[in-house]
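Trainee: Would you be able to build a 3D model of this:
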Amino acid sequence: MITRRTAAAALGLTLFAPHVRAQALTSVKFTLGWKTQGSDAPYFVARDKGYFREAGLDVVIDQGEGSGATVTRIMGGAYDAGFGDINAIIQNAATRPADTPVMVYQMWNQPPFAFVAKTSSGIKTIRDLEGRTLGGAPGTPTTRLLPVFAKANNLDLAKMKLTSMAPNLQEPMLIQGQIDAALVFNITSYFNLVLNRQDPDKDFTWFAFGDYGLDLYSNGMMVSQKLIRDNPRAVAGLVKAVNKASIDVAADQTMAMASVQSYDGLVNIPVEKRRLQYAFDKLIMSPELKEIGSGDVKDDRLTRAIDMVVTGYELPRTPAAGEIFNRTFLPPRAERELAYKMS
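Mentor: You can find the predicted model right below:
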């Protein structure tokens, strides 16, 4: 017989049950590499499709301050994981190996670092950069890698005038002719030019670092060593969820943009969808990815990349590849087949 007391108790348990389930989820604080962009779609899809919850995770996603800053944000303890630059991991691991996060899912296996110049500037080869004024944002990987680029290509760094500026001023100053070339992330600068009503293909010349000896890896998902040590199951769940979402995004970018918009209603959907597709075309899809699958790296290539960064920055120690990338948490190769189709 159901009494008022037992009914109230049952109602209390019903109301309390969702709270219990929510409490059972492991909280993960996650930082993006920058403001909301279409290329961040896998994280939002993993959230909206419930992949994080299926893995027992409550992932809180915040906007970032730069892909290099992702590393320092995690090192400072404010974040458990994030999307950022593997080269910043290398730099920090050389001096603070115990504190530096580790890449667990490599997303961009082609580097976005590039010079961009107006076609009318007369800069047709990288040699033409000597004697010119370059605009770079302090602390960004592209600007910090300029000495490495110059050394790899026998360019005289002393003949290049580097003007420091905020990232949002690079394209306007380039358009106005106040600088001859800018040190940029191609995936960011290309669309800044679009938003400034420029034609980045017709009116600008691009020099990708990867085409000139800097065969570096770039952005991916990294986690703190503390999370790996204290909760490896959470790391595995995070990787599995993002891998699954990445496969979904590759197949359906329209669906992906709905998740981007659900996270940030102020994004320019047409531009950000183009950015997402640009990421697949320029940074993600490659012969290497088809060989080893999404999320992984080649150890010999990573070792060469580490050596380049260590030499270029004159770092005191050369980290081993295993300190920078940990493939322990990757799903089996058969589950990491990423087939991109523009949609």
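
Trainee: need the strands for this protein, in chain order.
Mentor: For the chain, the strands defined by DSSP state E occupy 26-31, 57-62, 81-85, 102-106, 113-118, 133-136, 161-164, 181-185, 204-208, 219-223.

Trainee: most packed of those?
Mentor: strand 81-85 (a mean of 29; mean count of other CB atoms under 10 Å). C-betas here are computed from N, CA, C, even on glycine.

Trainee: can you give me phi and psi for the closest residue to A24 other than its chain neighbours?
Mentor: Counting by CB to CB, 6 or more residues apart in numbering, G56 is the residue found nearest to A24 once chain neighbours are left out, at 7.2 Å. Phi and psi for G56, reported as degrees, to the nearest 10, are phi 80, psi 30.

Trainee: Could I get the strands of the chain in CSV, plus columns for mean pLDDT and distance to D252?
Mentor: What follows is the strands of the chain, written out as CSV (pLDDT from 0 to 100; distance: least, CB to CB, whole Å):
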stretch, mean pLDDT, distance to D252
strand 26-31, 98, 23
strand 57-62, 98, 20
strand 81-85, 96, 20
strand 102-106, 98, 20
strand 113-118, 97, 28
strand 133-136, 96, 37
strand 161-164, 96, 41
strand 181-185, 96, 25
strand 204-208, 97, 28
strand 219-223, 97, 21
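
Trainee: For A339, find the nearest of these.
Mentor: If you check each of the strands of the chain against A339 by CB to CB, strand 102-106 wins as the nearest, at 17.6 Å.

Trainee: Okay, now the unreliable bits of the stretch 201-343 of the chain?
Mentor: By pLDDT under 70, the stretch 201-343 of the chain has no low-scoring segment.

Trainee: Identify the bridge partners of V59.
Mentor: Applying DSSP bridges to V59 gives these bridge partners: V28.

Trainee: how close does it sit to N219?
Mentor: V59 sits 18 Å away from N219, taking CB to CB, to the nearest Å as the criterion.

Trainee: same deal with A182?
Mentor: A182 is 19 Å from N219, where distance means CB to CB.

Trainee: If the residue most central in space within the chain is in a bridge, with which residues?
Mentor: The chain has N219 as the residue nearest its centroid, 3.5 Å off, counting by CA atoms, centre = their mean. Legend: beta-bridge partners of N219 under DSSP bridges are D85.

Trainee: From L32, how far off is it?
Mentor: Using CB to CB, we find N219 at a distance of 10 Å from L32.

Trainee: joint contacts of these two?
Mentor: Common neighbours of N219 and L32, using CB atoms under 8 Å, 6 or more residues apart in numbering, are F83.

Trainee: I'd assumed L25 was in contact with the residue nearest to A24.
Mentor: Yes. With contact defined as CB atoms under 8 Å, G56 counts as touching L25 (5.8 Å).

Trainee: I'd say P319 and Q91 touch.
Mentor: No. P319 is beyond contact range of Q91, at 9.4 Å (criterion: CB under 8 Å).

Trainee: okay, and the common contacts of these two?
Mentor: Listed as contacting both P319 and Q91 by CB under 8 Å, 6+ apart is no residue at all.

Trainee: Mind splitting this protein into its structural domains?
Mentor: Here the domain parsing of the chain from automatic domain parsing is 25-110+217-335, 113-212.

Trainee: and these, which is most packed in?
Mentor: Taking mean count of other CB under 10 Å, domain 25-110+217-335 is the most buried of those, at a mean of 20.

Trainee: First-to-last residue distance for it?
Mentor: By CA to CA, to the nearest Å, the extent of domain 25-110+217-335 from end to end equals 25 Å.

Trainee: can you give me the offset of it from its chain's centre?
Mentor: In terms of CA atoms, centre = their mean, to the nearest Å, the centre of domain 25-110+217-335 is found 6 Å from the chain centre.

Trainee: re the thing from before, can you put the strands of the chain in TSV and add distance to G68?
Mentor: Shown next, in TSV, are the strands of the chain (distance: least, CB to CB, whole Å):
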stretch	distance to G68
strand 26-31	12
strand 57-62	16
strand 81-85	5
strand 102-106	13
strand 113-118	12
strand 133-136	13
strand 161-164	15
strand 181-185	11
strand 204-208	19
strand 219-223	10
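
Trainee: Any idea which of those gets closest to E291?
Mentor: So among these, strand 102-106 is nearest, using CB to CB, at 13.3 Å.

Trainee: what packs against the closest one?
Mentor: helix 86-93, strand 219-223, helix 225-230, helix 232-251, helix 321-324 (3 or more CB pairs under 8 Å, 6 or more residues apart in numbering; DSSP states H and E).

Trainee: Let me know which of those is the nearest to P101.
Mentor: When those are compared by CB to CB, strand 219-223 sits nearest P101, at 4.3 Å.
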